[in-house]
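**Student:** I need the structure of the sequence given here:
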Amino acid sequence: MLSAEQLQQLVDKIKVWGKEFGFAHIGICDTDLSAEEPKFQAWLDKGYHGEMAYMANHGMMRARPYELHPGCIRVISARMDYLPPQAGFATNLKDPNLAYISRYAGGRDYHKLMRNKLKKLGDKISAELEVLGEELPDYRPFVDSAPILERPLAEKAGIGWTGKHSLILNKSAGSWFFLGELLINLPLPVDTAVEEGCNTCVACIKSCPTNAIVEPYVVDGRRCISYLTIEHQGSIPEALRPLMGNRIYGCDDCQLVCPVNSEAPITQETDFHIREPLQLPKLLDLFAWTEAEFLQRMQGSAIRRIGHKLWLRNIAIALGNAPYSEEVIEHLKQRKSSEEVDDMVLEHIDWALEQQALKGDKGGESISRKTGRVIKSVEKGLIRDA
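**Tutor:** Predicted coordinates:
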């Protein structure tokens, strides 16, 4: 049995090892999330999870890590920064002929990468205890791979506070980071939660293109562009399509206007740098990809999991929102006759053609007021254009 002093020494080593494995911050907390259960249930009761049935499938297990991994008494929460260099936030949003892809998804899929590093951290802890002649720990790593409320755990572990957009914010790193957990059965000393730093700021709420942040800290997933472009499998409600602009995979608007992100560091993990096909990508170029090209070019990317049909659906909406162009109309018509589209994709192509026809009659369109606000925030330096 390790003494209190030995446990603290082990925690100090764990945090050093975490940095050696590429984690920017390691925090430790207990497994009590009972205060989160009524909030989570209320979110589910309002249907804010949309088609994400998996959010409700395991009852309150998400708030009970000890049920997910029996014997677990501590959670080691890990932060890994992902903000890529040359992110081109304003450039992509300002040009409606370019595709905007959430900056977490421009490089390699983070799930396996982080899980492997967490597994190595667990192995390192085991090796240390073996040297001390102690019983080996029982641990299990998770990265979006199990029913667990990772953000409340990260908050308890001192990684940061919950912002009004529901993401975790860190004073020195903003919100441009991934989270992962190592559930373990060691009585490690825990970290202290940090105070909230949002104060009266509501920039994220005001900037959301679809008004998905229905109140501070609460997001209606059914209106969130990240949900619509990634999780939603069918037809996207027509009322929301014009609000999506050129965002074809995810959305960063609430992060872009957040003043806490002004000094966020560039990631040291080169796997998270934006791959070449996604650097200032033209909508028409991406729309022309065959399914084989999509699968090949998105190999190892988180984007690959949505599949080619949702990829085409999302881009069709963006083309409908693009300025009037004979070239856009021609590409939409060509794709409409392709064997790779189904009725769902055809519906969105037809909508895009209707929008193009309307713009042809009216002489084009301007960038939405909210998108303009986000672009101005980037250009004013609230968050550098990386």
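**Student:** list the contacts for residue 180?
**Tutor:** 77, 78, 80, 114, 115, 117, 118, 141, 142, 143, 150 (CB atoms under 8 Å, 6 or more residues apart in numbering). The C-beta positions use only the backbone N, C-alpha and C, and glycine is treated the same way.
**Student:** center of this structure - which residue?
**Tutor:** For the chain, residue 104 is the residue whose C-alpha lies nearest the centre (CA atoms, centre = their mean; 6.2 Å).
**Student:** who's in contact with the residue lying closest to that residue once chain neighbours are set aside?
**Tutor:** Closest residue in space to residue 104, ignoring its immediate chain neighbours: residue 82 at 5.2 Å, by CB to CB, 6 or more residues apart in numbering. Residues near residue 82 by CB under 8 Å, 6+ apart: 103, 104, 107, 110, 176, 177, 178, 267, 269, 272.
**Student:** now these as TSV including distance to residue 247?
**Tutor:** Below are the contacts of residue 82 laid out as TSV (distance: CB to CB, whole Å):
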residue	distance to residue 247
103	12
104	13
107	18
110	20
176	17
177	21
178	20
267	21
269	24
272	19
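**Student:** between these, which is nearest residue 370?
**Tutor:** Nearest to residue 370 among the contacts of residue 82, counting by CB to CB, is residue 103 at 18.5 Å.
**Student:** do you know how far that closest one is from residue 131?
**Tutor:** Note on residue 103: its distance to residue 131, by CB to CB, to the nearest Å, is 41 Å.
**Student:** the more surrounded of these two?
**Tutor:** Legend: neighbour count by other CB atoms under 10 Å for residue 103 and residue 131, higher for residue 103 (24 against 8).
**Student:** can you find the helix or strand in the protein with the smallest mean pLDDT?
**Tutor:** Within the chain, no helix or strand scores below helix 369-379, which has a mean of 73 by mean pLDDT, DSSP states H and E.
**Student:** tell me which residues of that helix come out buried.
**Tutor:** Along helix 369-379, these residues count as buried under the neighbour rule (16 or more other CB atoms under 10 Å): 370, 371, 373, 374, 375, 377, 378.
**Student:** what is that helix packed up against?
**Tutor:** In this structure, helix 369-379 makes packing contacts with helix 89-94, helix 203-207, helix 253-256, judged by 3 or more CB pairs under 8 Å, 6 or more residues apart in numbering; DSSP states H and E.
**Student:** hmm, who's touching the following helix or strand past the first one?
**Tutor:** Sequence order places strand 100-101 as the next helix or strand after helix 89-94, per DSSP states H and E. Counting by CB under 8 Å, 6+ apart, the neighbours of strand 100-101 from elsewhere in the structure are 92-93, 245-252, 278, 281, 303.
**Student:** any chance of those residues in JSON lines with neighbour count and distance to residue 349 as columns?
**Tutor:** Below are the contacts of strand 100-101 laid out as JSON lines (neighbours: other CB atoms under 10 Å; distance: CB to CB, whole Å):
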{"residue": "92", "neighbour count": "23", "distance to residue 349": "23"}
{"residue": "93", "neighbour count": "23", "distance to residue 349": "23"}
{"residue": "245", "neighbour count": "23", "distance to residue 349": "18"}
{"residue": "246", "neighbour count": "24", "distance to residue 349": "16"}
{"residue": "247", "neighbour count": "27", "distance to residue 349": "18"}
{"residue": "248", "neighbour count": "30", "distance to residue 349": "14"}
{"residue": "249", "neighbour count": "25", "distance to residue 349": "18"}
{"residue": "250", "neighbour count": "21", "distance to residue 349": "22"}
{"residue": "251", "neighbour count": "27", "distance to residue 349": "22"}
{"residue": "252", "neighbour count": "25", "distance to residue 349": "26"}
{"residue": "278", "neighbour count": "20", "distance to residue 349": "22"}
{"residue": "281", "neighbour count": "19", "distance to residue 349": "19"}
{"residue": "303", "neighbour count": "24", "distance to residue 349": "20"}
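**Student:** out of these, which are inside helices?
**Tutor:** 92, 93 (DSSP state H).
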